[in-house]
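Trainee: This is a predicted model, with the sequence first.
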Amino acid sequence: MNSFHIPHNKLASFKEKAALTGAYQFLDVRFSVSSDDEAVVFMFDQMYQRFKIHPNDVEHQFYVVTSNNRYNKPFVIFRDQAYPIFANKPIYNHAYMVIFMHIANLFQDFYVIHAGVVSKGEDGIVLAGQSSFGKTTLTLELVRKGYSFLSDEFCPIDRGTMCISPFPRTLSLNEESVAILKNVPHAITAQENDERGKKLFDIDVWKEGSIGQHAVGKYFFFVRGRKSKQEERTFYLSLMKEDHELIRELKDISGVSLTSRNETEHYVVYRFSFRQGEGLIKIFEETCQKYPRNIIYYDVSPYEDPYFEREPSIEEIPKSKAAIEIMRNMVNRSKDALVMKNCKTSSQLLLNLGEVVSQAKCYELFTGKLDQMVELITKTVEA
């Protein structure tokens, strides 16, 4: 991640400019976000209203300076480093991405997986998968059917107890998801969309009293799309922020097509497709190695596309494969993450993640019609 050092004698003046503050606790990390732009703090307050704490209780401070500074660009300050962010409309989301990636590295006691989570009693049901594969929609439909809500985005698993903690951030739905879901409460549909075209709401607006307690991960569903009948492959690229040079160079590779771009609050995910057997994997990897500063993760797999107009299916998978899938979906697996300090290799991490699924049943869930996916999950859990 690009950054530059701010001399100690300049830090105080920047921090003084960022006078508006919100304080929050994510699991074992207590932090504050201060800014000279009230929209930055408002965004955090809106998304994490259930996570707010007293400012005196924080351990880590982030400062977002957006205007009138000697560097002529907005940036996020953490410790004595400044991280440049966009100066245009996505500035707030970009600031959030920078802050969250630092927070993810500060988690000491949790593996955090990109997944939705519901529970039935003490049994946790984890829905892991890529962005745009319908995890939030599926999570909400399960809550409607009587499951308790733990999270739609992150699954925090305690390394000591292997219990899943609730992470009930404010939810968001785009118009496509609103159209798929049935009987969306009027309090949600009547809202104006935010600048990303999404409607924000608390889970209690969806179903009051639906937030669950800590649960044990008993069922892991890895949400998959429709596999191509051709020998196509997908290159997944997750970026901390936009890198136009990298994306332009990848798009210029002969035989490669950019198939999707999905921006979440935390990162940007690209999917490229190409034909197998043309030596392109090596070219992809070499290109990415030239631009390492913003890359969170990249991987190659058979081409898949989320498809919601077919009959879904489910297949049980070995725990060894489930551990690999969890590692692929981990948010805090960078070399700087505190949770990785005693885990020097991918092999050691896989052994540790094997403990997460040791008492669980693990499946691949191939996307299809929403009501049928809910029925499949329910039959599997209640079997």
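Mentor: That came through, no problem. What you are looking at is a predicted structure, and each value in this text was computed from that prediction instead of being measured. Numbering: from 1, shown residues only.

Trainee: Can you report phi and psi for the residue nearest to I188 when sequence neighbours are not counted?
Mentor: Excluding its sequence neighbours, the residue lying closest to I188 (CB to CB, 6 or more residues apart in numbering) is F201, at 5.0 Å. Quick note: C-beta positions are derived from backbone N, CA and C, even for glycine. With angles defined as degrees, to the nearest 10, F201 sits at phi -160, psi 160.

Trainee: following the longest helix that the chain contains, which helix or strand shows up next?
Mentor: Scanning the chain for the longest helix, with DSSP state H as the assignment, gives helix 91-106. Later in the chain than helix 91-106, the nearest helix or strand by DSSP states H and E is strand 110-120.

Trainee: Direction included, what does the helix or strand following that next one pair up with?
Mentor: Proceeding N to C from strand 110-120, the next assigned helix or strand is strand 123-128, under DSSP H and E. Using DSSP bridges, the strands paired with strand 123-128 are strand 110-120 (antiparallel), strand 215-224 (parallel).

Trainee: how many other residues sit next to the residue nearest to I188?
Mentor: Other residues lying near F201 total 17 when counted by other CB atoms under 10 Å.

Trainee: again, but for R196
Mentor: R196 has 15 nearby residues by other CB under 10 Å.

Trainee: go on, E16?
Mentor: When neighbours are counted by other CB under 10 Å, E16 comes out with 11.

Trainee: Helix, strand or coil: sort out it for me.
Mentor: Applying DSSP: H, G, I helix; E, B strand; the rest coil to E16 yields a three-state assignment of helix.

Trainee: when you give positions from now on, start the count at 351
Mentor: Yep, numbering from 351; the last one is E366 now.

Trainee: returning to that earlier point: my guess is the residue nearest to I538 meets A537, correct?
Mentor: Yes. Contact status for F551 versus A537: in contact at 7.1 Å, counting by CB atoms under 8 Å.

Trainee: Would you agree S670 is in contact with G704?
Mentor: Yes. Under the criterion of CB under 8 Å, S670 makes contact with G704 at 7.2 Å.

Trainee: Show me which of the two is the more surrounded one.
Mentor: G704 (15 against 12).

Trainee: Helix, strand, or coil at that one?
Mentor: From three-state DSSP, the assignment for G704 is helix.

Trainee: quick one: the helices in this protein?
Mentor: Going by DSSP H, the chain shows helices at 358-367, 388-397, 441-456, 485-494, 525-530, 536-539, 553-556, 594-601, 630-640, 669-678, 696-706, 720-732.
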